[in-house]
Every structure is written in structure tokens, then in C-alpha cells.
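S.K.: let me see the structure of the following:
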Amino acid sequence: MHTLPATIQSRVQRALRSQLVERLTTPHGIDRYLEAFNPSWSVFETRARVTAVRRQTEDTVTLTLQPNANWQGFKAGQYVRLSARIDGKRTTRCFSPANSVHAVDGQIELTAKINPDGVLTRYLRDHAAPGMVVTLSEADGSFALPEQRPERILLISGGSGITPVMSMLRTLCDEGYKGPITFLHYANSAGGQIYADALRAIAGQHDNVELLRAYADGEGGELSGLFSHQQLAAAVPDYAEAETFLCGPPGLMNRVESTWKAEGLEDRLYMERFTAAPMVLPEDSDAEGEVRFLKSERLATNDGDTLLNQAEAAGLRPDSGCRMGICHACTCVKTAGRVRDLRNGAISDAGEEEIQLCVSVPVGTVALDL
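M.R.: A predicted model of the protein is given here:
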């Protein structure tokens, strides 16, 4: 379906979404039949076929993906949720496309840093190959280049946080942006830097792009060591005049944010975080009541753990991803009862609402549409 002309493709999509087709394909649905012909075909989901796999560093894997016709594109800086079935369970994580939004082939590029304890990133490292099909969400997030491009731009990244700002840089270059851009990147070493070759090529081709690399081991970069106000002022003296886009590990982001706040520049700093605030479980002695899993007709005594852990302990396999409230893969409808959000301690109302299982603990008896 992806290779059909747009007008024909639109008509086919409308026909396949009709009530008649829904009735004829019950109980499996039209997508089950389409994927028998091509796993990337879907009427309702955005699926993507892996077209290339490369490993820029020992601890990363970069995928080039060709999405199907349901893909609506993204803004430079936004992220998508990538899902794959692993041992029968759908697992999800957030990744930021690193390519320009103006890529002429319609493909997107995602780079994953391998988490030794992560299910999905290890799976991609070991199994990703051309032809593999994954599922994507629509692009999300407010961290994005504004439609009215700023006159002066500072991009700051650390480690794998380079991906969304790499997309911003590539997009600006494709648009012929003429304003000054400073790209300030932090990594442990030159050999461990993602997109090192691409950055050098861009800086060599575009006179308005200044590349500053700071390596913790002090070798090979224009700068060395960790971010500091003194380092920034010496390397980028006009930083206060720039619109700054930041993504990286918590330590870097906290230092940059503190510097901007101290100088009253918060409204010129835009950030993307892919780590959550620490979560603290209430004491076990506070746990009471039951957890009722309505669809599966199961019942468990509330042990005070997160609803995701309690569901898994009860033998269920709900979709999940980051397990820290970022990717929303474990979103579920709570039909009754109250839950505490571990990120901020807030207690919900007792009525029906969507909750995230991984950051919610029951306050008394709770019923879930699970």
C-alpha cells in the first residue's frame, strides 16, 4: 500500500476502515490479514520496516526505517515511541529521530544507546536487521524547533541526547538557515561520540556552524571536562543572545539549567528529558485492599508495589516500556478506586480515568480494565 499513488492509497485506506470490512474480518481485524501479505501494512497503526542497521559506537545501534502510509511526520526535536514484540510482549521505548525533517526518501533514523538492563535496546542490538518491522507512535513532545526560526541558535547535548538536536541541526542546514549555530556536545571520549563523522562533515560544509566538542578524558576536543559557566562564557561569549536547545544526561542538564536560571535566561532555554524524577514507594504497611483485573477476571491482594509490577506478579503481561512514566506504553483505564502517582505523590479521584501502571500504586482497592 505504501507504494500506491496518494489518491488511490487514500481511497483504499477509507475502504479498509469501513464498517463492512470490520464486520467481515471480526474477530481478528483487517490488520491481521494485511500483515500476512506484508508485516508493515496496517490500516490503523504506523509500522516501519528497517532498511539499514549500523553501529556507530560499541554501545549504540542506528536504525533507518521506512514508515508506512500512516506516518504523519515529525518536527525536529520531537520523539516517537518504538514498539516491538519480544517473547510475546509488546515493549516500548522513546527515541528521537536524528534525521532532517526534509529527508527526501521519507525515511527516519533512530539511534538507541544500549542499556545493559534494557529489554528493547538489547533486542535491537542483537536482532535488528533489514526487513524487520516495528511499530511507531505519532511524533510527540514540545521540544522542537519553533516555526519562526531564531536568529541565533545554541545546541547543547550530551551522550545519546545528541539525537534530537542533531535533527535540528540537519533540518536547519537543509533549509539553508544562515544564522549562527553553535553545536556544543559532551561525551566521555572522542571514540565514544555518536554522529562524530556527520558533525564534522556538516561543520566543514556550513560556515555558520561552529562545532565545539568537550570530552571527559580531555583528548581530541575543542574543550575538555564538564560543563561550567566559566567554560561556556569563554567558548560561547554571546550565549545569552541565543535560543538554546538542550538534551543530555541529568548532570549536564541540571548544570546548564542552573546557569540559565541564575542569569534570568530561562525563557530562552528549551529542554528535553528522557529520565524521570526518583520514585519512592510507600511503606508496605500502608498497603491495603485488592487489585481487581476485570478483563482477565483475576484478583490480587494489594502489596503496595506499582500496578505494573502487581499485574505482572498476577501473571498478566500488559504492554510496558520505560517503566518510569515517560513512554506511556503501559497506560490503562482505571475503572474504580484511587491511585497515588509516585512522581509527585498526587492521589487520583475514585472514578474512571487513564493511568500509567508503572508510576501508580493503589490506595486501597482498585479495579483495572486489564
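S.K.: CA atoms for contacts and neighbours, from now on please.
M.R.: Will do.
S.K.: what stretches of this protein score poorly on pLDDT?
M.R.: Per-residue confidence for the chain (pLDDT under 70) gives these ranges: 1-44, 274-286.
S.K.: residues in contact with stretch 59-66?
M.R.: Contact partners of stretch 59-66, identified using Cα atoms under 8 Å, 6 or more residues apart in numbering, comprise 48-56, 106-114, 124-125, 128.
S.K.: what separates it from the chain centre, distance-wise?
M.R.: Offset of stretch 59-66 from its chain centre (Cα atoms, centre = their mean, to the nearest Å): 14 Å.
S.K.: residues of that stretch that come out buried?
M.R.: Asp59, Thr60, Val61, Thr62, Leu63, Thr64, Leu65, Gln66 (16 or more other Cα atoms under 10 Å).
S.K.: ok, stretch 149-161 next?
M.R.: Buried residues in stretch 149-161 (16+ other Cα under 10 Å): Arg152, Ile153, Leu154, Leu155, Ile156, Ser157, Gly158, Gly159, Ser160, Gly161.
S.K.: that older thread, in PyMOL, select just the buried ones from the contacts of stretch 59-66.
M.R.: In PyMOL, this line selects whichever of those come out buried by 16+ other Cα under 10 Å:
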select buried, resi 48+49+50+51+52+53+56+107+108+109+110+111+112+113+114+124+125+128
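S.K.: so of the contacts of stretch 59-66, which ones are in strands?
M.R.: Members of those lying in strands (criterion: DSSP state E): 48-54, 108-113.
S.K.: in CSV, list those residues along with distance to Gly345.
M.R.: Formatted as CSV, those follow (distance: Cα to Cα, whole Å):
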residue, distance to Gly345
Ala48, 38
Arg49, 40
Val50, 41
Thr51, 44
Ala52, 43
Val53, 42
Arg54, 42
Ile108, 38
Glu109, 37
Leu110, 34
Thr111, 34
Ala112, 31
Lys113, 31
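S.K.: for stretch 222-236, how far is the first residue from the last?
M.R.: 12 Å (Cα to Cα, to the nearest Å).
S.K.: list of residues touching that stretch?
M.R.: Taking Cα under 8 Å, 6+ apart as the rule, stretch 222-236 contacts 182, 186, 212-218, 239, 252, 255-256, 259.
S.K.: report the buried residues of it.
M.R.: By 16+ other Cα under 10 Å, the buried positions in stretch 222-236 come out as Leu223, Ser224, Gly225, Leu226, Phe227, Leu232.
S.K.: any chance of those in CSV, plus secondary structure and distance to Met166?
M.R.: Below are the buried residues of stretch 222-236 laid out as CSV (DSSP: H, G, I helix; E, B strand; the rest coil; distance: Cα to Cα, whole Å):
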residue, secondary structure, distance to Met166
Leu223, strand, 19
Ser224, strand, 21
Gly225, coil, 21
Leu226, coil, 20
Phe227, coil, 19
Leu232, helix, 20
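S.K.: ok, so of these, who is nearest Ala139?
M.R.: Distance to Ala139, by Cα to Cα, is smallest for Phe227 among the buried residues of stretch 222-236, at 30.1 Å.
S.K.: phi, psi for that closest one please.
M.R.: Backbone torsions of Phe227, given as degrees, to the nearest 10, read phi -60, psi 140.
S.K.: most centrally placed residue in this structure?
M.R.: Per Cα atoms, centre = their mean, the C-alpha nearest to the average position across the chain is that of Cys94, at 2.2 Å.
S.K.: which ones are touching the closest residue to that residue other than its chain neighbours?
M.R.: In this structure, Cys94 finds its nearest non-sequential neighbour in Arg81, 4.4 Å apart by Cα to Cα, 6 or more residues apart in numbering. Arg81 makes contact with Thr92, Arg93, Cys94, Phe95, Leu136, Ser137, Glu138, Ala139, Cys327, according to Cα under 8 Å, 6+ apart.
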